[in-house]
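Colleague: Here's a sequence, model it:
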Amino acid sequence: MTAARGGALNDWGRWFGRPGRSLTRRLIWLASAWILAALLATGLVLTHTFKESALRRLSADLADMLDQVLLATEVSAGGVTSRQLSDQSTLNLFGGAYWQVTEPVGEGRLRLLTKSASLWDQSLIVPPELPGMLAAAAGETISFNAAGPDGAPLRVAATQKRLSGRDLVFMSAVDRTAVDADVRQFSTVAWTALALLGLGLVIAVFLQVQIGLRPLFALRNEIADVRKGKASRIAGDYPLEIAPLAQQVNRLLDHNQDVVERQRTHVGNLAHALKTPLSVMLTEAEGRGDQLAEVVRRQSEAMRGQVEHHLRRARAAARAQGLGERTPVAEVLDEMAVMLERVFQSKGVEIDWRAPDDLHFLGERQDLQEILGNLIENACKWCDRRVRVSAGGTGLGWMVAVIEDDGPGVPADRLETMLKRGERMDESAPGSGLGLAIVDDLARAYGGRLVLGASDLGGLKATLDLPAAEA
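Modeller: Next up, the predicted model:
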């Protein structure tokens, strides 16, 4: 016997299915979206509040300047005059603080009457709609942004007052460059801090979800172990929210096992009920030598073969419904090779088999023995001397076993009929013709298939697909 355990057929790699909707991703994305929205709203509120606070401080300074200008302005027959304020910023050229006094002259225009020394030969630029707004405001102060004499941004406050029977417009302005810089700095710091806070919160949410859902991941792995045959029940200790699910899974497994056991019991009872009358008929027929007894004997033998076939198929279908069965393929091949080489010792048959040690059939050992035993025995029966068997995993949850011999083979036009019950390659040879049909039925019971073809050794090649247990 030549036996080589190893990887004659290498795995084709693992295939990872595309996941469906992920609860983990959903929780993380929902929390991240909420965090992003909350931080975005917080950032907008903070920057807007800081900017408004800075502008209110500027407005307070401008209101003070307007009051000073009002106190410094006199209306006489000779015209309107205003004393220069003591604030040095209003005295220096483009010093950053400005004021002026104007008078509405109709058609939305203002005529300059007096101004601060800091304006030199220029005046404050006002929007054309300002006179109408001031007239409608009834003495209230209006604030707006404008460009200064040196192009710097200004914050301007204007109000219309009536002095000595004349309507005068008083305006004060302050350079807001420093305020804008403070607002930008605050915005930069605030958004940076919020971004770091958001990143930290997202990481915290990720860790929380991973840790919180860890019992679900553990339950998933236990169920996978049951499906692979590594365990028969869910044994983990789970939180209160998940423990009922684990209990229901165990109850489902128990119910499934009970169903399988009941099917096995029914099959066994049926086998006993049918075999006893057939045995009686055969015994009676063998005691007589007439033609009728011979007909009864032959038909009883055929009936017993058919009963055995269908009962075996029913038992396999019942076992295929169960979970938790793992059968090492290499051990079964070793047993089959040793036994069949002894059976066909007079013929000098050599069985060369190869299978990885970690390859497991997802089903019961008895079924794999019957499947491989029938195929290898058939190959030994029709080979000249050599039988070759190779098995390996596909990496897709399936295994492939190939059984070949160097015998005469089967004509191509008969390959399709070889799997029919009672079909025999040689009517003169012993046998019922049910071997390949039994293998095909057992393989189909497990969701697999048997395909016959020509071998490069010259004989028949049987390719068998069966479910494989994951490592």
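Colleague: only C-alpha atoms for contact and neighbour calcs from this point on.
Modeller: Noted.
Colleague: first to last residue in stretch 133-148, what's the distance?
Modeller: Distance between the two ends of stretch 133-148: 21 Å, counting by Cα to Cα, to the nearest Å.
Colleague: which parts of that stretch are buried?
Modeller: 134, 135, 141, 142, 143, 145, 146, 148 (16 or more other Cα atoms under 10 Å).
Colleague: ok, now stretch 451-465?
Modeller: Neighbour-count burial for stretch 451-465 [16+ other Cα under 10 Å]: 452, 453, 454, 455, 457, 459, 460, 461, 462, 463, 464, 465.
Colleague: and what of stretch 101-116?
Modeller: Residues of stretch 101-116 classed as buried: 101, 102, 103, 104, 109, 110, 114, 115, 116 (neighbour count, 16+ other Cα under 10 Å).
Colleague: Next: stretch 56-69.
Modeller: 58, 59, 62, 63, 65, 66, 68, 69.
Colleague: Among those, which lie within helices?
Modeller: When DSSP state H defines the helices, the subset of the buried residues of stretch 56-69 inside them is 58, 59, 62, 63, 65, 66, 68, 69.
Colleague: okay, those in a markdown table with distance to residue 154 and pLDDT next?
Modeller: Listed next are those as a markdown table, based on distance: Cα to Cα, whole Å; pLDDT from 0 to 100:
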| residue | distance to residue 154 | pLDDT |
| --- | --- | --- |
| 58 | 10 | 89 |
| 59 | 11 | 88 |
| 62 | 11 | 91 |
| 63 | 15 | 91 |
| 65 | 14 | 92 |
| 66 | 15 | 92 |
| 68 | 19 | 92 |
| 69 | 18 | 91 |
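Colleague: tell me which of those residues is nearest to residue 191?
Modeller: For those, the closest approach to residue 191 (Cα to Cα) belongs to residue 58, at 24.3 Å.
Colleague: where along the stretch 351-471 of the chain do the helices fall?
Modeller: For the stretch 351-471 of the chain, the helices defined by DSSP state H, counting those that start in this stretch occupy 365-382, 435-445.
Colleague: Might you specify the subset of the buried residues of stretch 133-148 located within helices?
Modeller: Of the positions in the buried residues of stretch 133-148, 134, 135 sit in helices, assigned by DSSP H.
Colleague: show me what contacts residue 83?
Modeller: 72, 73 (Cα atoms under 8 Å, 6 or more residues apart in numbering).
Colleague: which residues of the stretch 251-400 of the chain fall in strands?
Modeller: Assigned strands in the stretch 251-400 of the chain, in chain order: 327-328, 350-355, 360-361, 386-393, 398-405 (criterion: DSSP state E, counting those that start in this stretch).
Colleague: packing partners for the third one?
Modeller: The contact analysis (3 or more Cα pairs under 8 Å, 6 or more residues apart in numbering; DSSP states H and E) places strand 360-361 against strand 327-328, strand 460-469.
Colleague: ok, the longest one: who's next to it in the sheet?
Modeller: It stands for strand 460-469. In the sheet, strand 460-469 lines up against strand 360-361 (antiparallel), strand 398-405 (antiparallel), strand 449-454 (antiparallel) (DSSP bridges).
Colleague: go on, the first one?
Modeller: Taking DSSP bridges as the criterion, strand 327-328 sits next to strand 360-361 (antiparallel) in its sheet.
Colleague: Just checking the distance from the partner strand to the centre of its chain.
Modeller: Relative to its parent chain, strand 360-361 has a centroid offset of 28 Å by Cα atoms, centre = their mean, to the nearest Å.
Colleague: now swap in stretch 339-348 and tell me
Modeller: Stretch 339-348 sits 54 Å away from the centroid of its parent chain (Cα atoms, centre = their mean).
Colleague: how about low-confidence regions in the stretch 301-450 of the chain?
Modeller: For the stretch 301-450 of the chain, applying pLDDT under 70 flags the ranges 305-324, 419-435.
Colleague: low pLDDT regions in the stretch 1-150 of the chain?
Modeller: Counting by pLDDT under 70, the ranges of the stretch 1-150 of the chain that qualify are 1-21.
Colleague: in it, which spans are strands?
Modeller: Applying DSSP E, counting those that start in this stretch to the stretch 1-150 of the chain gives strands spanning 2-5, 73-76, 79-82, 97-106, 109-115, 142-147.
Colleague: buried set for the second one?
Modeller: Going back to what we said before, that points to strand 73-76. For strand 73-76, burial by neighbour count (16+ other Cα under 10 Å) applies to residue 73.
Colleague: re earlier: select, out of the strands paired with strand 460-469, the one closest to residue 349.
Modeller: Going by Cα to Cα, the one of the strands paired with strand 460-469 nearest residue 349 is strand 398-405, 10.1 Å.
Colleague: Contacts for that closest one, please.
Modeller: Contacts of strand 398-405 (Cα under 8 Å, 6+ apart): 361, 375-376, 379-380, 382-384, 386-394, 455, 457-469.
Colleague: run the last query once more with 6 Å
Modeller: Strand 398-405 is touched from outside by 379, 383, 386-393, 459-468, with contacts defined as Cα atoms under 6 Å, 6 or more residues apart in numbering.
Colleague: hang on, the earlier thing: which pair in the buried residues of stretch 133-148 spans the largest distance?
Modeller: Maximum pairwise distance in these, criterion Cα to Cα, is 24.1 Å, between 135 and 148.
Colleague: Might you list the low-confidence residue ranges for the stretch 151-300 of the chain?
Modeller: The low-confidence ranges in the stretch 151-300 of the chain, as defined by pLDDT under 70, are 228-229, 260, 264, 266-269, 271-273, 275-276, 287, 289.
Colleague: mind putting the buried residues of stretch 101-116 in TSV, distance to residue 236 included?
Modeller: Below are the buried residues of stretch 101-116 laid out as TSV (distance: Cα to Cα, whole Å):
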residue	distance to residue 236
101	86
102	87
103	89
104	88
109	86
110	87
114	90
115	87
116	85
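Colleague: And those residues, which is closest to residue 178?
Modeller: For the buried residues of stretch 101-116, the nearest to residue 178 is residue 116 (21.3 Å; Cα to Cα).
Colleague: Leaving out chain neighbours, which residue sits closest to the closest one?
Modeller: Sequence neighbours aside, residue 99 is the residue nearest to residue 116 in space, at 5.3 Å (criterion: Cα to Cα, 6 or more residues apart in numbering).
Colleague: next one: residue 128
Modeller: Ranked by Cα to Cα, 6+ apart and with sequence neighbours excluded, the top spatial neighbour of residue 128 is residue 108, at 6.4 Å.
Colleague: mind checking how far that neighbour is from residue 140?
Modeller: 18 Å.
Colleague: And residue 66, by the same measure?
Modeller: Counting by Cα to Cα, the gap from residue 66 to residue 140 is 12 Å.
Colleague: same check, this time on residue 219
Modeller: Relative to residue 140, residue 219 is positioned 72 Å away (criterion: Cα to Cα).
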